[in-house]
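> what would the 3D arrangement of this be:
(one chain, ligands or ions: 2)
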Amino acid sequence: MTTTDHDADLRLTVLGCRAGMPEPGWPSSGYLVHAPDGAILLDCGPGVAAKAAARAAELSAVFISHMHTDHCLDLLILGKALALRGLDADDTTAPETRIPLYVPPGAATTLRRFNELFPLGTDGPGAHPTDHVFRDVFDVVEYEPLRPIRAAGATVLPVPMAHRQPCCGFRVTTPHGTLAYTGDTGPGSAFEPLVAGVDLLVAEATLDQPDRTRHGHLCAAEAGQLAARFGARALLLTHWAYTDRAWIDAQVERAREHYRGRIDVAVPDHTFHVDTDTQEH
Ligand SMILES: [Zn+2]
Ligand SMILES: [Zn+2]
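Ligands and ions are numbered 1, 2, ... in the order given. Coordinates of the predicted model:
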């Protein structure tokens, strides 16, 4: 980690990292990757919209791993927040063009129907700008697994993960390094295209122990094994089932038994830097 030239680092800001529903101060999933031409938001769970809307000026693209609520439910709120900013002529942070929103196959229709359930119901002809955010604010595209997408000067590769709902992790390659975000995944995924040789592995560590169900989650030991097996230079554990510090610290120790590199834990509003110019962790 460097303390001098952060602009040259691979950088990721955690907006939310709670598994399932949020707790006070702990929104559900949302991560900003800082790319050359703006910030890429990975997932938009409950509590993330307000934080992402506050950074509207830098928001360049959004990717959704899967349609479990803790990863996507705030998309409508974010869209409405951005639409309202667009109505304010004095708001220079309002996006001037539609923001690309990459969603799993089939999700575009779900989101449009979701928006239609909550019309503003204003008088007069025509719909309110917040009534069609998945047409007017976002440019919605259903991504194809394993087909790379250019966004904000980076390349994003969606990689299928083993989870209860169809889910993709994202491998994000920027000029300053490469990170992998697992989304939600069981240990049986084909991880190599996602994780091999990354500078930073953002791995879910939801469980205390290996998953005995077919829901599809990792425990911290498995996240550590993953980082070691595929040569990740740093590991960021996330997607917390519990947020008390003692529980989180115990997960770090479990990952540490398998991985000798740098391990950090996701905390809302923290920005993590990985200096990719040196071998220093
Ligand atoms: Zn989740
Ligand atoms: Zn899930």
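> contacts, neighbours, all on C-alpha from now
Noted.
> so which bits of stretch 12-29 are buried?
By 16 or more other C-alpha atoms under 10 Å, the buried positions in stretch 12-29 come out as 12-22, 26-29.
> repeat for stretch 69-86
Quick answer for stretch 69-86 (16+ other C-alpha under 10 Å): 70-83, 85-86.
> strands of the protein, start to end?
For the chain, the strands defined by DSSP state E occupy 10-16, 30-35, 38-42, 59-63, 99-103, 138-142, 149-151, 154-161, 167-174, 177-181, 200-204, 234-238, 262-265, 271-274.
> could you dump these to JSON lines with distance to Arg245 and mean pLDDT?
As requested, the strands of the chain are arranged in JSON lines below (distance: least, C-alpha to C-alpha, whole Å; pLDDT from 0 to 100):
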{"stretch": "strand 10-16", "distance to Arg245": "16", "mean pLDDT": "96"}
{"stretch": "strand 30-35", "distance to Arg245": "20", "mean pLDDT": "97"}
{"stretch": "strand 38-42", "distance to Arg245": "24", "mean pLDDT": "97"}
{"stretch": "strand 59-63", "distance to Arg245": "29", "mean pLDDT": "98"}
{"stretch": "strand 99-103", "distance to Arg245": "33", "mean pLDDT": "98"}
{"stretch": "strand 138-142", "distance to Arg245": "37", "mean pLDDT": "98"}
{"stretch": "strand 149-151", "distance to Arg245": "35", "mean pLDDT": "98"}
{"stretch": "strand 154-161", "distance to Arg245": "28", "mean pLDDT": "98"}
{"stretch": "strand 167-174", "distance to Arg245": "26", "mean pLDDT": "98"}
{"stretch": "strand 177-181", "distance to Arg245": "22", "mean pLDDT": "97"}
{"stretch": "strand 200-204", "distance to Arg245": "16", "mean pLDDT": "98"}
{"stretch": "strand 234-238", "distance to Arg245": "13", "mean pLDDT": "98"}
{"stretch": "strand 262-265", "distance to Arg245": "10", "mean pLDDT": "97"}
{"stretch": "strand 271-274", "distance to Arg245": "18", "mean pLDDT": "93"}
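> just those: most buried one?
Each of those was scored by mean neighbour count; the highest is strand 200-204, a mean of 29, by mean count of other C-alpha atoms under 10 Å.
> residue ranges of the helices in this structure, please?
With DSSP state H as the criterion, the chain has helices at 48-53, 69-72, 75-87, 107-116, 133-136, 192-195, 220-229, 245-256.
> which among those helices is found nearest to Arg171?
In terms of C-alpha to C-alpha, the element of the helices of the chain nearest to Arg171 is helix 192-195, at 5.4 Å.
> who are the packing partners of that closest one?
Applying 3 or more C-alpha pairs under 8 Å, 6 or more residues apart in numbering; DSSP states H and E, one finds that helix 192-195 contacts strand 154-161, strand 167-174, strand 177-181.
> and the shortest one, what does it pack onto?
Other helices and strands packing on strand 177-181, by 3+ C-alpha pairs under 8 Å, 6+ apart, are strand 167-174, helix 192-195, strand 200-204.
> where does this protein dip in pLDDT?
Low-confidence segments of the chain, defined by pLDDT under 70, are located at 1-7, 122-126, 277-281.
> could you check how far the closest residue to Leu73 other than its chain neighbours is from Asp74?
Nearest residue to Leu73 in three dimensions, chain neighbours excluded: Gly45, at 5.2 Å (C-alpha to C-alpha, 6 or more residues apart in numbering). Distance, Gly45 to Asp74, using C-alpha to C-alpha, to the nearest Å: 5 Å.
> pretty sure Ala223 is touching Arg256, no?
No. Using C-alpha atoms under 8 Å, Ala223 makes no contact with Arg256, being 9.7 Å away.
> how far away is the closest residue to Ile149 other than its chain neighbours from His258?
Setting aside the residues directly before and after it, Ile149 is nearest to Val156 in space (C-alpha to C-alpha, 6+ apart), at 5.1 Å. Noted for Val156: a distance of 28 Å to His258, by C-alpha to C-alpha.
> same deal with Ala223?
Distance check for Ala223 against His258: by C-alpha to C-alpha, it reads 9 Å.
> looking at these two, which is more packed in?
Ala223 (30 against 18; other C-alpha atoms under 10 Å).
> partners of the closest residue in space to the more buried one that isn't next to it in sequence in the sheet?
Using C-alpha to C-alpha, 6+ apart and skipping residues adjacent in sequence, the residue nearest Ala223 is Ala203, 6.0 Å away. Taking DSSP bridges as the rule, Ala203 bridges to Leu237.
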